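Q: Have a look; sequence and predicted model below, questions after that.
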Amino acid sequence: MDDALRQELEAILTSNEGRLGVVARLWIERPRSNAELVEAGGGANPGAAANTRATVQAVLYGKIPTGASVALQARRAVSNLIKQNPEASAAALKYLTDLRDSLDERGNDTEAVEQEDEKLEQVTKELEKALEKQPGVYVYTTPTYYRSVKKTDPDRFWFKVGKTDRAAGVRIGEQMRATGLPEDPFIARVYRHPAMTPKELEDQFHRLLDAAGHGRSEAKHAGKEWFTTNLEFLDAIATALGCEPFDLGQFDDE
């Protein structure tokens, strides 16, 4: 990549008004750890910062994330950059278009998807063990939902936010039989609060998700605990409420 193209790509990234622009400006100033990016406002948690950083590195260095979902997230971000910068040079637009196609290929690669599904399964087992010891609010989804954005918003996915007073693994199995989900769900987060009961904490999560417009499912048989949101927003709620996530569910590329 010649200097002129790199400088143009840096300008495209740093002019972004969202979190991508924040992380790009921090990273271009000097490479930082995920924790440093979070401290400087680059994400709600190290995993979120790492995923955004993966997009920056893809654009600047052509580095394709190994994880399927991270690659798809970067693909959506690059697509937005193309739409937001129609005045960019032909060389920059070609580079971003080729990069988008490569990210799409990785995100839909069978082997990459299978490897990620194995990791999701392992994460779920660890979080189920945590809930067996102490109940709380859990967040779960299916692998397909996790990789498929809501059509009206490229930054939101379907997540179920519920509470349990017993092992979440048992309850999720019951829900699968009741709702007929097409594939095994996985647990992405577990939240606990030092003072609130799981029911009180669940009510707070639902209230804040509704207030932010992260709407619930309107499907008759889907239940009222499914929301169109993302893990970073859920982590931000947890922080605001004074609880910390028991989190083994970061799918970032180091």
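A: The structure has been received and is ready for your questions. Values in this document were obtained by computation on a predicted structure and should not be read as measured data. Numbering: from 1, shown residues only.
Q: switch to C-alpha atoms for all contacts and neighbour counts from now on
A: Will do.
Q: next structured bit after the helix of greatest length in the chain?
A: The single longest helix within the chain, with elements called by DSSP state H, is helix 110-133. Beyond helix 110-133 on the C-terminal side, the first helix or strand identified by DSSP states H and E is strand 136-141.
Q: can you list contacts of that following strand?
A: Outside strand 136-141, the residues within contact range by Cα atoms under 8 Å, 6 or more residues apart in numbering are 158-165, 168, 185-193, 197-198, 201-202.
Q: returning to what we had before: distance from the chain centre to the longest helix of the chain, please.
A: Chain-centre distance of helix 110-133: 15 Å, with Cα atoms, centre = their mean, to the nearest Å.
Q: Quickly list the domain ranges of this structure.
A: By the assignment in automatic domain parsing, the chain contains the domains 3-108, 113-246.
Q: Restricted to strands, list the contacts of strand 136-141.
A: With DSSP state E as the criterion, strands contain 158-164, 186-192 from among the contacts of strand 136-141.
Q: just checking, Asn45 touches Val38?
A: Yes. Using Cα atoms under 8 Å, Asn45 makes contact with Val38 at a distance of 6.0 Å.
Q: rewinding a little: which strands or helices does the longest helix of the chain pack on?
A: Under the contact criterion of 3 or more Cα pairs under 8 Å, 6 or more residues apart in numbering; DSSP states H and E, helix 110-133 touches helix 68-84, helix 168-179, strand 186-192.
Q: Among the ones you listed, show the one with the smallest mean pLDDT.
A: Ranked by mean pLDDT, the helices and strands packed on helix 110-133 bottom out at helix 168-179, with a mean of 56.
Q: Now stretch 24-39: average pLDDT?
A: 92.
Q: List the buried residues in that stretch.
A: Burial within stretch 24-39, assessed by neighbour count using 16 or more other Cα atoms under 10 Å, is assigned to 24-27, 34-35, 37-38.
Q: Between the two ends of that stretch, what distance do you get?
A: 15 Å (Cα to Cα, to the nearest Å).
Q: Give me the contact list for it.
A: Taking Cα under 8 Å, 6+ apart as the rule, stretch 24-39 contacts 10, 13-14, 23, 40, 43-47, 49-50, 53, 56.
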